[in-house]
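1. here's my sequence, what's the structure:
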Amino acid sequence: ASMRFQQVAREYEQIKTAGIRPEISELAEYHGLDDRATRALDEEMKKRKDTFEADMQALWVGLEGSKNPSGMLMMKLKDMRMGTFKGMTVLDKKIQEFGKKNRLDAQAAVKLAEVLSNREDVDGDLAKIEVHLSRSNKPSSLMMLMLRDLREGKPVPEPQYAAAIGSRVHEKELKKDFDRKRSRSRRGGRERSRDRDRDRDRDQKRSRSKDKDKDKDKDKDKDRDRD
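-> Residues are numbered from 1 along each chain as shown. Alright, predicted model coming up:
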């Protein structure tokens, strides 16, 4: 009976979220949105393809900390329909691009934008944070761990660990190594080709030399016959 109940519950969840974009499902699950608000958001965002990512980022920020996220979302959807919805700020857009480059999920990017809005040297912080994220194969998790020190106003330290397997730095190093080996292979191939050419030329010279010697021997034999 327990297994049957779990199966029915899973089927209900699948039916409830069928056709809804994963980004919206993620937002709904994180903020605990009800089914009505989730479907209303999904329908509205289908009309906003050009600003989809920016709008979603703004919603992550706007719903954070709300006591009634579903009600708050319905108000923001009304703003969208009326054309008064406030999207991403300049900082948010910068963080959005930073998040894409460094493989941050929406939640980590939003939290980073919130924290950096209270920091003085945003560009300097981002440059230092990127050094850390580029060496991690779980950049979003690492970003969430770094937020506490950023909130407390602490400077971003230099990374004290090697690049993890699967990180951007590791992938770059693998590509360099691959290119280096391919270059050596090509160079070795060209050298082997030159060696083969030299061997062929040497064999041809030897063959011609032997032919000349044979001709000389024939001439000597003819001379002896005449004598």
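
2. surely Lys93 is in contact with Thr51?
-> No: Lys93 lies out of contact with Thr51 (Cβ atoms under 8 Å); the separation is 11.3 Å. C-betas here are computed from N, CA, C, even on glycine.

3. where along the protein do the helices fall?
-> 2-16, 22-31, 35-45, 52-63, 69-82, 90-101, 106-116, 122-133, 139-151, 168-226 (DSSP state H).

4. make a markdown table out of those helices and add mean pLDDT, distance to Pro159 and mean neighbour count.
-> Formatted as a markdown table, the helices of the chain follow (pLDDT from 0 to 100; distance: least, Cβ to Cβ, whole Å; neighbours: other Cβ atoms under 10 Å):
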| stretch | mean pLDDT | distance to Pro159 | mean neighbour count |
| --- | --- | --- | --- |
| helix 2-16 | 56 | 40 | 9 |
| helix 22-31 | 92 | 29 | 16 |
| helix 35-45 | 94 | 37 | 17 |
| helix 52-63 | 85 | 27 | 19 |
| helix 69-82 | 93 | 36 | 16 |
| helix 90-101 | 83 | 17 | 16 |
| helix 106-116 | 84 | 17 | 21 |
| helix 122-133 | 96 | 5 | 16 |
| helix 139-151 | 94 | 10 | 17 |
| helix 168-226 | 69 | 10 | 10 |
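
5. compare those helices and report which one is nearest to Gln160.
-> Proximity to Gln160, assessed across the helices of the chain by Cβ to Cβ, is greatest for helix 122-133 (10.0 Å).

6. okay, angle between the closest one and helix 106-116 too, please.
-> Calculated by axes from the mean of the first three to the mean of the last three Cα atoms, to 10 degrees, helix 122-133 forms an angle of 140 degrees with helix 106-116.

7. next one: helix 122-133 to chain centre, how far?
-> 17 Å (Cα atoms, centre = their mean, to the nearest Å).

8. send me it as PDB with only the CA atoms.
-> C-alpha atoms of helix 122-133 as PDB (Å, rounded to 0.1, in the frame of the first residue of the first chain):
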ATOM      1  CA  VAL A 122      32.500  44.800  -7.600                       C
ATOM      2  CA  ASP A 123      34.800  44.300 -10.700                       C
ATOM      3  CA  GLY A 124      37.800  43.500  -8.500                       C
ATOM      4  CA  ASP A 125      35.700  41.000  -6.500                       C
ATOM      5  CA  LEU A 126      34.400  39.300  -9.600                       C
ATOM      6  CA  ALA A 127      37.900  38.900 -11.100                       C
ATOM      7  CA  LYS A 128      39.100  37.200  -7.900                       C
ATOM      8  CA  ILE A 129      36.000  35.100  -7.500                       C
ATOM      9  CA  GLU A 130      36.400  33.900 -11.100                       C
ATOM     10  CA  VAL A 131      39.800  32.500 -10.300                       C
ATOM     11  CA  HIS A 132      38.200  30.300  -7.600                       C
ATOM     12  CA  LEU A 133      35.300  29.200  -9.700                       C
END
